[in-house]
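[1] Quick one: sequence plus predicted model below, questions after.
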Amino acid sequence: MFGKAIYNEFIKIATKPRSYLGLVAITVLVGVILFAMKIDGLTYIGFITAGFEQSLLFEGDILNGNLMGFIVLQMLIIHVPLLIALVTGDLISGEAAMGSLRMLATRPLSRTQILLSKFVAGGLYTFLILLWLGFMALGVSNFMFGPGDLLVLNSDGLVVLLQDDVFWRFLSGFGIAYLSLLTIATLSITLSCFSDNSIGPIVATMAIIMLFTLIGSLDVPVFDAVRPLLFTTHMAAWRSFFEDPVDYEAIRNSALILVAHIVVLLGIATYHFKRKDILS
Amino acid sequence: MKLVKIFLLLLIISTTVSAQDNGPELVKGVYAKMKLVTKYAADVHIDADIPNLKMRSVDAKVSFTQPDKLKVNSRSLAVLPKQGFADFGKIISDTSDFTAVKTGDEVLKGVKTSIVNILPGDPMGDLILAKLWIDPVQKLVMRSQLTYRSSGTVLIDYTYGSQKKYGLPDLLRFTMDIQGMKIPKAMMADLHKGKKEGVEKADPNRPAVIQVSFSNYAVN
């Protein structure tokens, strides 16, 4: 019965036109980035390597599919939460607005199961969006630019990762990125429980992300204590897989904080949804 | 006492003059040995310790054709010094295009070497000054210090082995200064940077060192 409920919820998502906005947006955005890089990528990379190239000679293709995949992910992972919230923020509030929540509650499912089925369906949608982003970022980039060693930029400078040593990093990075996006999905579902219209939870989700990102980027001591607890601080944890050596402790810490957010938010959503007035 | 002073002065002058005379001959000797090789191919192992650039050791194949055509084939991204690797032969090939002055002697790795300063004929060229430590017996360059207008000074230490007779080194050690780099902020988001406080970072202002080990030479 619960499996059927998840299936139904996923079909509901699939029949909404807005669910495809994310796929279209990712396709267009990645297309624009790859087109620009194909035409002018060497100039872009030149900004980074210019300091070295006065004295050093780089042999091999710096501008390759793996680097493009990394750049695409870095640029888009900030925007994907909006595409996720656009769908998951509507899961409860959309039904409340249409008045179908009451009918849904007549089925032989507890309210917790109804909420969890929506959460799982939302999680599946998030996975598909990330899968599409991964395909566009890595698959299409490698097809267009060919494989090669990955030149990664972080605050310590440039790190060159060998081609054979890159795929597992992308795979693991996607795993952590999925946790980040699932946190966003859970946040928007939780906010959706408190609202009877779709716009509110979507906008509120984005406002929270913006606020937390701002707090995270403001390098002032007053936020030092709170910064490590914000989920936005850990949304870029996927990049840690591209360091050499990999900082597993930081990644584990980020994963734990993201999972804690998911559990707490889901708990709040369940608590509120079980007491939600669906009759008025 | 006065006589002794005059004698010493004459001795110094005569030594300097004769040393200066040796400069072009020493360089000619080195170039004659280099000319024995018209082309070569070799496997190379590149170890790079460069500030702000972390990379693992890379294996590659190099082929060189006189005077300065260098080709590197590598499956991985490899980094080599831009100057001082293949252009050295070209610099000393035309003795009329530079002034060579012997300035002294120095013992390097147990070998007595003559220090020769080379001033290129073209004052506007990229190379400003080349300082060579030459083994006068084997006609081998043991160390060179090349000062370029564009990229500063490159110090190269040579270690010879199997291909000594051709003047081809088994190991080249480049030491140079690298300029800082600019990174677009969009490409540098590193939200874990605050967590690396305990990690001791290498000095970003240290000189870059690149070691190139040669093996499996195929000469001419």
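    Thanks, I have it. Numbering: from 1, shown residues only, chains lettered A, B, ... in the order given.

[2] Just give the nearest non-adjacent residue to residue A:109, would you?
    residue A:5 (5.7 Å; C-beta to C-beta, 6 or more residues apart in numbering or on different chains). Where C-beta positions appear, they are placed from N, C-alpha and C, glycine not excepted.

[3] And the strands in chain B?
    B:39-49, B:53-54, B:58-65, B:69-73, B:78-81, B:98-108, B:111-120, B:127-135, B:140-148, B:152-160, B:169-176, B:208-219 (DSSP state E).

[4] now the longest one against strand B:39-49, angle please.
    Between strand B:208-219 and strand B:39-49, the angle formed by their directions is 160 degrees, by axes from the mean of the first three to the mean of the last three C-alpha atoms, to 10 degrees.

[5] what lines up beside strand B:208-219 in the sheet?
    Strand pairing for strand B:208-219, determined by DSSP bridges: strand B:39-49 (antiparallel), strand B:169-176 (antiparallel).

[6] For the residue nearest the centre of chain B, which residues are in contact?
    Residue closest to the average C-alpha location in chain B (C-alpha atoms, centre = their mean): residue B:156, at 3.0 Å. For residue B:156, the contacting residues are B:84, B:143-146, B:172-175, by C-beta atoms under 8 Å, 6 or more residues apart in numbering or on different chains.

[7] quick one: contacts of stretch B:53-71?
    So stretch B:53-71 is contacted by A:52, A:59, A:156-160, A:162, A:244, B:35, B:37-48, B:72-79, B:85-87, B:89-90, B:93, B:214 (C-beta under 8 Å, 6+ apart).

[8] what's the average pLDDT for that stretch?
    Stretch B:53-71 carries an average pLDDT of 86.

[9] Pull out the buried residues from that stretch.
    By 16 or more other C-beta atoms under 10 Å in any protein chain shown, the buried positions in stretch B:53-71 come out as B:53-55, B:58, B:60, B:62, B:64, B:67.

[10] Stretch A:237-251: which residues count as buried?
    Buried residues in stretch A:237-251, counted by 16+ other C-beta under 10 Å: A:237-244, A:247, A:250-251.

[11] Tell me how many other residues surround residue A:23.
    Counted with other C-beta atoms under 10 Å in any protein chain shown, residues neighbouring residue A:23 total 15.

[12] swap that for residue A:182, please
    The burial count for residue A:182: 22, using other C-beta under 10 Å.

[13] quick one: which helix or strand includes it?
    Using DSSP states H and E, residue A:182 sits within helix A:167-193.

[14] residue contacts, the nearest residue to residue B:170 once chain neighbours are set aside?
    Spatial nearest neighbour of residue B:170, excluding adjacent residues (C-beta to C-beta, 6+ apart): residue B:161 at 3.7 Å. By C-beta under 8 Å, 6+ apart, residue B:161 lies in contact with B:169-171.

[15] so what's the backbone phi/psi at residue B:161?
    phi -150, psi -110 (degrees, to the nearest 10).

[16] ok, now how distant is it from chain A?
    As judged by C-beta to the nearest C-beta, to the nearest Å, residue B:161 and chain A stand 24 Å apart.

[17] And that residue, what's its pLDDT?
    Residue B:161 is given a pLDDT of 90.

[18] So it versus residue A:157, what's the distance?
    Distance from residue B:161 to residue A:157, counting by C-beta to C-beta, to the nearest Å: 34 Å.

[19] ok, now residue B:127?
    From residue B:127 to residue A:157 the distance is 29 Å (C-beta to C-beta).

[20] Show the pLDDT at residue 83.
    Since you didn't name a chain, this refers to chain A. At residue A:83, pLDDT is 92.

[21] actually it's chain B I care about, not the one you picked
    Residue B:83 is given a pLDDT of 79.

[22] Correct me if wrong: it contacts residue B:152.
    No - using C-beta atoms under 8 Å, residue B:83 is not in contact with residue B:152, being 9.6 Å away.

[23] Common neighbours of these two, please.
    With C-beta under 8 Å, 6+ apart as the test, residue B:83 and residue B:152 both reach residue A:55.

[24] between the two, which one's more packed in?
    residue B:83 (24 against 17).

[25] And the more buried one, its phi and psi?
    Per degrees, to the nearest 10, the backbone of residue B:83 is at phi -120, psi 150.

[26] which residues does it contact?
    A:55, B:126-127, B:146, B:148, B:151, B:154.

[27] what's the closest non-adjacent residue to the residue of the stretch 151-280 of chain A found nearest chain B?
    In the stretch 151-280 of chain A, the residue that lies nearest chain B is residue A:157 (3.0 Å; C-beta to the nearest C-beta). Excluding the flanking residues, the one nearest residue A:157 by C-beta to C-beta, 6+ apart is residue B:52, at 3.0 Å.

[28] Could you give the bridge partners of the residue of the stretch 151-280 of chain A closest to chain B?
    Beta-bridge partners of residue A:157, as defined by DSSP bridges: residue A:154.

[29] residues in contact with residue A:243?
    A:152, A:154, A:159.

[30] Can I take it that residue A:233 is in a helix?
    Yes - the assignment for residue A:233 (DSSP: H, G, I helix; E, B strand; the rest coil) places it in a helix.

[31] Isn't it up against residue A:216?
    Yes - the criterion here is C-beta under 8 Å, and residue A:233 meets it with residue A:216 at 4.9 Å.
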